[in-house]
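K.L.:
Sequence first, predicted coordinates after that:
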Amino acid sequence: MARYTGPKTKIARKFGEAIFGEDKSFEKRNYPPGQHGNNRRRGKKSEYAIQLAEKQKAKYTYGILERQFRNMFKKATASTGITGEVLLQLCESRLDNVVYRMGIAPSRSAGRQLVSHRHITVNGEKVNIPSYQLKAGDVVAVREKSKSLEAIERSLENTDHVYEWITWNAEKKEGTFVSVPQRLQIPENINEQFIVELYSK
């Protein structure tokens, strides 16, 4: 499997921020990984290195592989609107991301697993494709048989995030993807312009 399954804290330290959510290990060692840690002299990064790092950060944040990410960029380029913003909106509209945003899963990778294992429905139909693109008005719910899953219960208890583009009904364990979020509503610290510049070379 090509998907990254290694230590997440190491990746977070590489980018200097906890891109996978709360991480106690990252807080303890908030400096780049490697034998020399803080003492290693790092020269000024080139423009290309900065752009590449931003693309890698976005890919790791959303759990998307290179080919998929490039295809999303092509789709964003063909759409009307600012390419970088549209790219992030496509990432946010993925089913695994929305499952995470709704609090059904504690992380995007956990959301991906729930979708793959057929625990999630979209408009009443079972969907097991994590990259499924949601449209405004789509209803995402926990499948009837999966509502008592301990992992889902625990995640819903611990979530306190509220997003303007999503509504959630705790009783029914279902939510509505009200609209595609605007750039200001997306909390991820990603400079999408660098990604556009990198792919446009």
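P.N.:
That came through fine.
K.L.:
Would you check that Tyr48 makes contact with Leu198?
P.N.:
Yes: the pair Tyr48 / Leu198 is scored as a contact, 7.5 Å apart, by CB atoms under 8 Å. Any C-beta I mention is one placed from the backbone N, CA and C, and that applies to glycine too.
K.L.:
Compare these two (neighbour count), which wins?
P.N.:
Neighbour tally, Tyr48 and Leu198, criterion other CB atoms under 10 Å: the higher count belongs to Leu198, 17 against 12.
K.L.:
So which residues make contact with the helix or strand where the more buried one lies?
P.N.:
Leu198 is part of helix 192-199 when elements are defined by DSSP states H and E. For helix 192-199, the external contacting residues (CB atoms under 8 Å, 6 or more residues apart in numbering) are 48, 50-52, 54-55, 58, 70, 73, 83-85, 87-88, 183.
K.L.:
Now the residue most central in space within the chain. Nearest residue, chain neighbours left out?
P.N.:
What sits nearest the mean C-alpha location of the chain, by CA atoms, centre = their mean, is Tyr62, with 2.9 Å. Once flanking residues are discounted, Tyr62 sits nearest to Cys91: 4.6 Å by CB to CB, 6 or more residues apart in numbering.
K.L.:
Counting by contacts, list what the helix or strand the one you found falls within packs against.
P.N.:
Assessed by DSSP H and E, Cys91 sits inside helix 83-92. Where contact means 3 or more CB pairs under 8 Å, 6 or more residues apart in numbering; DSSP states H and E, helix 83-92 is packed against helix 47-62, helix 66-78, helix 95-101, helix 192-199.
K.L.:
nearest to Ser179, of the ones you listed?
P.N.:
Comparison of the helices and strands packed on helix 83-92 against Ser179 by CB to CB identifies helix 95-101 as nearest, at 11.9 Å.
K.L.:
Which segments of this protein make up each domain?
P.N.:
8-90+188-199, 94-179 (automatic domain parsing).
K.L.:
Mind pulling the model confidence for Arg94?
P.N.:
Confidence at Arg94, expressed as pLDDT, is 97.
K.L.:
Let me see the contact set for the nearest residue to it once chain neighbours are set aside.
P.N.:
Nearest non-adjacent residue to Arg94, counting by CB to CB, 6+ apart: Ser131, 5.5 Å away. Ser131 makes contacts with 64, 68, 94-96, as judged by CB under 8 Å, 6+ apart.
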